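[1] have a look at this prediction, sequence included:
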Amino acid sequence: MMYEIRDLRLSFPDMAHKPLLGAAPRIEVLKGLSFDVPKGAILGIVGGSGSGKSTLGRAMLRLIEPDSGSIRFDGTDITHLLEDQLRHLRQRFQMIFQDPMSSLNPRRRVGGIIAGPLRLHGLDNLTARVDKALDMVGLPRTFAQRYPHELSGGQRQRVGIARAIALRPDFILADEIVSGLDVSSQAQVLNLLGELVRELGLTLAFISHDLSVIRRLCNRVLVLHHGLIVEEAETGALFDAPQADYTRDLLAAIPLPDPYQDWR
Amino acid sequence: MRDARGDVKRPIGLRLWLSGGWLTLLVLAAVSAPLIAPKDPLMQDLFLGRMPPFWMAGAEPGYLLGTDSLGRDVLSRILYGARLALIVALVAGTLTCIIGATLGLMAGYYRGWTDRVISRFVDIWMAFPPVLFAILLIAVLGPGLMSIIIAIVVIDWTRFARVIRAEAMSQGAMDYVASAQVAGRTRFGTMLTEILPNVLPTIVALLTLEMGIAVIVEAILSFVNLSISTDSPTWGGMIAEGRTSVHQAWWVLVFPLITLFLTVLSFSQLGEGLKDRFDPVLR
């Protein structure tokens, strides 16, 4: 198993209702989640806004520390590891962010953005590795000299993917990575990601609010609602016979090209 | 395929050239003041008091911009005054910047108790009236170059701390900071390699602005006789002296005033110009 997650709970302090003295009340975002991510799986995590899907993703990468429960990554319990202990593991799980403008440092060239994590983990042949990563995401090598604002949205997201795969991780979390792109760039980025996952034998968790995107890419789907898993199923089964009411609502929300057409 | 990006003409940056040109001229004048100044700036000649500048009737040859009421050469005094003004601008500006920006960066990036301590300190500091504070400080330290610099630093670091804190805070919320954490960069490393380059344009703009302010503060302190000894040539001192005889000898007031004005303006425009020219995001 790549990830084994048991009874994961996480809450944030509610600063809006903080009393003058004493601790702020806490808002529970994740209310006890348990699931596994097998090696080589492409897991879709879907849910509306506020369902806790991004928080779950960030907890899996230990950008935030859970309150209780456990996260095991490839057999290692990382739930409460300190940043220093996590550092050498970080090479193995990477993330692609939602907003490629904000996730790429605007004052770094693309080459430097991709090489930064490589340098941190003490890898050599930086230029060759950067070139290889750019090749894999289908960007010309000359792009290494450009700044992020000189690229289009789709190209920036490819840089985000290149940065993640350059480290050759075992697991990648993709957090709403196509929601800021137009439809044709979306399709290109999704195809690219699918190919890379197969080619590199990656395990992928793909967070989205859009089931039609999940359907194209993932083989398993986790439906989150208000911090709880309401349904977990194979993609085909989920679309054919949704069990939870919330899943049916999400399916009904997919805009169909022909409003009178059904999915089958 | 040819990449045409390198061929795109950048705007010439008139602002940068004009302000940079004036400041270069001033630095050269300050450095070579002993060589190019026509007279000794301290030499008095009471028979040559209030001589007009060269184009007016009754001008004395050799005194290009006229003389003050004690017969000292205005041009020479402006040139020597540039030395003091620039030293104050550079040293006080830089020190203010380093102290204020460091504290602001730490408060804005680390948040939590670091931010609370620094921000409360800034709030308390800013509650003191600045001019009175400076005068009090110099009264305690005694007038002199060091005292002026200390006074400026002590008063103005809060400006940097405030602005840089806000800037670091908004940068800290960006995903590239989270991305540095995903890559395994330490907090301190992220602050230096990710946040600092992004607040640097603001720091540079503030720094040049602060240099202009330092020149003005020095002039104000000279004006109230709290700068260096009244004898030594400072622009503020000249303006103060020129004010008393503005009806008989306007040039004693006007020339240092123009120099001061152009210098302060150049400093603030230099910051903007540098930003336009060298910030890859705006370019």
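    Sure thing, it's come through.
[2] contact residues of the stretch 1-150 of chain A facing chain B?
    A:58, A:61, A:63, A:83, A:86-88, A:90-91, A:94-95, A:97-99, A:102-108, A:116-117, A:120-121, A:142, A:146-147, A:149-150 (C-beta under 8 Å from any C-beta of the partner chain). Using the backbone N, CA and C atoms, a C-beta is placed for each residue, glycine as well.
[3] among the residues you listed, which ones are in strands?
    Judged by DSSP state E, these include A:Gln94, A:Met95 as members of strands.
[4] hey, where'd the helices end up in the stretch 51-200 of chain B?
    Per DSSP state H, counting those that start in this stretch, the stretch 51-200 of chain B carries helices over the ranges B:74-110, B:112-126, B:130-141, B:145-172, B:175-182, B:187-190, B:196-223.
[5] ignore the last one, the stretch 101-250 of chain A
    Under DSSP H, counting those that start in this stretch, the stretch 101-250 of chain A gives helices at A:110-120, A:126-136, A:153-166, A:183-200, A:211-217, A:235-240, A:245-252.
[6] for the ones you listed, which one ends up most surrounded?
    Most buried of these by mean neighbour count (mean count of other C-beta atoms under 10 Å in any protein chain shown) is helix A:153-166; its value is a mean of 25.
[7] hang on, isn't A:Leu224 packed against A:Leu56?
    Yes. With contact defined as C-beta atoms under 8 Å, A:Leu224 reaches A:Leu56; the gap is 7.0 Å.
[8] so for the two, which residues contact both of them?
    Jointly contacting A:Leu224 and A:Leu56 under the rule C-beta atoms under 8 Å, 6 or more residues apart in numbering or on different chains are A:Leu33, A:Ile45.
[9] which of those two has more neighbours?
    Legend: neighbour count by other C-beta atoms under 10 Å in any protein chain shown for A:Leu224 and A:Leu56, higher for A:Leu56 (27 against 24).
[10] now that one: which helix or strand?
    Using DSSP states H and E, the element containing A:Leu56 is helix A:53-60.
[11] I'd assumed A:Leu151 was in contact with A:Ser185.
    No. Counting by C-beta under 8 Å, A:Ser185 does not reach A:Leu151; the two are 11.6 Å apart.
[12] what's the overlap in contacts for the two?
    By C-beta under 8 Å, 6+ apart, no residue touches both A:Ser185 and A:Leu151.
[13] need the residues that contact stretch B:237-250.
    Against stretch B:237-250 from outside (C-beta under 8 Å, 6+ apart): B:50, B:52, B:66, B:68-69, B:74, B:77-78, B:81, B:219, B:222-225, B:227-228, B:230, B:251-254, B:256-257, B:260.
[14] kindly report the same for stretch A:184-204.
    Under C-beta under 8 Å, 6+ apart, the answer for stretch A:184-204 is A:2-3, A:37-43, A:136-138, A:152-154, A:157-158, A:161, A:165, A:168-174, A:177-178, A:181, A:206, A:213, A:216-218.
[15] repeat that for 6 Å
    Residues outside stretch A:184-204 that contact it (C-beta atoms under 6 Å, 6 or more residues apart in numbering or on different chains) are A:Met2, A:Lys39, A:Gly40, A:Ala41, A:Ile42, A:Gly154, A:Gln157, A:Phe171, A:Ile172, A:Val178, A:Arg216, A:Leu217.
[16] then stretch A:99-117?
    A:97, A:126, A:130, A:133, A:143-148, A:156-157, A:159-160, A:162-163, A:166-167, A:180, B:174-176, B:179, B:183, B:194, B:197-198, B:281.
[17] quick one: mean pLDDT for that stretch?
    In this model, stretch A:99-117 carries a mean pLDDT of 91.
[18] same deal with stretch A:165-172?
    Computed over stretch A:165-172, the mean pLDDT rounds to 92.
[19] what residues does the stretch 51-200 of chain B have near chain A?
    Taking C-beta under 6 Å from any C-beta of the partner chain as the contact definition, the stretch 51-200 of chain B meets chain A at B:174-176, B:178-179, B:181-185, B:194, B:197-198.
[20] ChimeraX command for the buried members of the residues you listed?
    A single ChimeraX command selects the buried members of these (16 or more other C-beta atoms under 10 Å in any protein chain shown):
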select /B:174,175,176,178,179,181,182,183,184,185,194,198
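[21] give me the nearest residue to residue 119, chain neighbours excluded.
    Here I'm looking at chain A. A:Leu126 (6.4 Å; C-beta to C-beta, 6 or more residues apart in numbering or on different chains).
[22] look at chain B instead
    B:Ala107 is the one closest to B:Ser119 (C-beta to C-beta, 6+ apart), at 5.9 Å.
[23] is it correct that the one you found is in contact with B:Ile118?
    Yes. Under the criterion of C-beta atoms under 6 Å, B:Ala107 makes contact with B:Ile118 at 4.0 Å.
[24] picking that back up, mind checking which of the contacts of stretch B:237-250 are buried?
    The neighbour-count test (16+ other C-beta under 10 Å) marks B:50, B:52, B:66, B:68-69, B:74, B:77-78, B:81, B:219, B:222-223, B:227-228, B:251-254, B:256-257, B:260 as buried among those.
[25] quick one: low-confidence parts of the chain?
    No chain specified, so I'll use chain A. Segments of chain A classed as low confidence (criterion: pLDDT under 70) are A:257-264.
[26] to clarify, I was referring to chain B.
    The model of chain B has pLDDT under 70 over residues B:1-12, B:227, B:229-230, B:282-283.
[27] separation between A:Val29 and A:Ser49?
    A:Val29 is 12 Å from A:Ser49, where distance means C-beta to C-beta, to the nearest Å.
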